[in-house]
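[1] What follows is a predicted protein model with its sequence.
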Amino acid sequence: MKTQRFGDISVQKVLDGVENFKAVIAFPEIDLEVFNQHKNWIEPFYDFAKKTIRISMHSYVISTPEINIIVDTCIGNDKNRVGNGPIYKANADVLAHWNLRESAYLQNLNNIGLRAEDIDYVMCTHLHADHVGWNTRLENNRWIPTFPNAKYLFSPDELASISQESNNPYDQYTKLVYEDSVLPVIEAGQSILIDNGLDLGKGIHLLPTPGHSPGHYCIEIESVKHKGILTGDILHNPIQVNYPGLSTMFCADKTQSNEQRIKLVDQLTDTETIVLAAHFCGSTAGRIISNNDSREFLLI
Ligand SMILES: [Zn+2]
């Protein structure tokens, strides 16, 4: 992704990896024919031969003249993500890739000119396993915060929810994820609970968007001339801009998730706002435009 600029705020992408999910598993209600109908623009995001969606796992680094904020920390290295339940078995081909990984994420961070020590804030849009992994890293058999000088922003609703039962298959990993990627940060005294008064500086706004998970946030970035939005997991694949009523199996509250997505896609269509989704692959940044009676996501 090219560096996106919003006045004196910039956004860069740091890749952890790209996964392929079976589309019918990710979107239980999908008719695969929709990909054929939108082949002219959906091709970078869908493998027509394998019927899989390409899911990028990446962070965004928002840099202002004062601070660096890293948003979502992907899957991480060395994490135990093997489960035993039926939902794990149904998705084992994908989820096994998340176990004991060795990705070049920190090198990729260095490649954009930053060290872990340069990060001032870590913002997880939500606390699913693929958004908190690099919160910590393994050192001498202990999980320690990857970003030693950062404050980590956690949603109170999200923290409360990870101890509850839900339909989200990744919640089978809740205990593992909490213990290796959230609790060590809290114990290190580096966590802050998000509240209404939280100010990350001019032009950066946290937008509560519960649905995919109870305490999900989007992040809006605004300068005098340019606007962008980090949409977290409101969107997983660009096909959803044309079918915003399409939830994934990973959405905790399907109805609320659909409502958030429909509202957001309506607001963004045919505007200049740059959409920066948590899982869109390739050059990633783009805009939602209408084309006759359908909508498309166009990479920029
Ligand atoms: Zn995700």
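    Cool, got the structure.

[2] going forward, measure contacts between C-alpha atoms and count neighbours the same way
    Will do.

[3] tally of neighbours for S161?
    17 (other Cα atoms under 10 Å).

[4] Give me the nearest residue to it, chain neighbours excluded.
    Take S161 and drop its neighbours on the chain: the residue closest to it by Cα to Cα, 6 or more residues apart in numbering is P214, 6.8 Å away.

[5] what about N135, neighbour count?
    25.

[6] now N292
    So N292, with other Cα under 10 Å, has 6 neighbours.

[7] Distance check, it against V265.
    Using Cα to Cα, to the nearest Å, N292 is found at 16 Å from V265.

[8] thinking again about what came up before, doesn't the residue nearest to S161 belong to a strand?
    No - per DSSP: H, G, I helix; E, B strand; the rest coil, P214 lies outside any strand segment and is coil.

[9] mind listing what it touches?
    D157, E158, S161, A252, D253 (Cα atoms under 8 Å, 6 or more residues apart in numbering).

[10] Quickly note the distance from it to T125.
    From P214 to T125 the distance is 11 Å (Cα to Cα).

[11] For L299, name its beta-bridge partners.
    Beta-bridge partners recorded for L299 (DSSP bridges): G286.

[12] and V224, how many residues sit next to it?
    8.

[13] Which residue, other than its chain neighbours, is closest to it?
    Using Cα to Cα, 6+ apart, the closest residue to V224 is G7 (7.0 Å).

[14] Ok, E259 next?
    E259's closest residue in space is G245 (Cα to Cα, 6+ apart), at 7.6 Å.

[15] same check, this time on P28
    M249 (6.5 Å).

[16] what about the one you found, how many residues close to it?
    If we define neighbours as other Cα under 10 Å, then M249 has 19 of them.

[17] my read: it touches A23, true?
    No - M249 lies out of contact with A23 (Cα atoms under 8 Å); the separation is 10.5 Å.

[18] can you give me the strands in the stretch 101-250 of the chain?
    All strands of the stretch 101-250 of the chain, identified by DSSP state E, counting those that start in this stretch, fall at 121-123, 136-139, 142-145, 151-154, 191-193, 204-208, 217-222, 227-232.

[19] Deepest-packed of these, please.
    A comparison of the strands of the stretch 101-250 of the chain by mean neighbour count, using mean count of other Cα atoms under 10 Å, puts strand 121-123 on top with a mean of 25.

[20] elements contacting it?
    strand 68-71, strand 151-154 (3 or more Cα pairs under 8 Å, 6 or more residues apart in numbering; DSSP states H and E).

[21] could I get those strands as a markdown table with distance to D130 and mean pLDDT?
    Listed next are the helices and strands packed on strand 121-123 as a markdown table, based on distance: least, Cα to Cα, whole Å; pLDDT from 0 to 100:
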| stretch | distance to D130 | mean pLDDT |
| --- | --- | --- |
| strand 68-71 | 12 | 98 |
| strand 151-154 | 15 | 97 |
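
[22] Can you say which of those is nearest to K225?
    Ranking these by proximity to K225 (Cα to Cα) places strand 68-71 first, at 21.3 Å.

[23] What pairs with the closest one, parallel or antiparallel?
    Per DSSP bridges, strand 68-71 is paired in its sheet with strand 52-63 (antiparallel), strand 121-123 (parallel).

[24] Just name the most buried of those strands.
    Of the strands paired with strand 68-71, strand 121-123 is the most buried (mean count of other Cα under 10 Å), at a mean of 25.

[25] Need the residues that contact that one.
    I67, N68, I69, I70, V71, D72, N135, A150, K151, Y152, L153, F154.

[26] does the second one really touch D118, like I thought?
    Translated: N68. Yes - look at N68 against D118 with Cα under 8 Å: they come within range, at 7.0 Å.

[27] more neighbours, the two?
    Shown here are N68 and D118; by other Cα under 10 Å, N68 has more neighbours (20 against 15).

[28] So that one versus T255, what's the distance?
    From N68 to T255 the distance is 34 Å (Cα to Cα).

[29] same check, this time on F297
    From F297 across to T255, the span is 23 Å (Cα to Cα).

[30] which one of these two has more residues nearby?
    F297 (21 against 15).

[31] Which secondary structure state does the more buried one sit in?
    strand.

[32] Can you tell me the closest non-neighbouring residue to L15?
    Here the residue nearest L15, using Cα to Cα, 6+ apart, is H58, at 4.3 Å.

[33] actually Y105, not the one I typed
    Y105's closest residue in space is D16 (Cα to Cα, 6+ apart), at 5.0 Å.

[34] and the one you found, what helix or strand is that in?
    strand 9-22 (DSSP states H and E).
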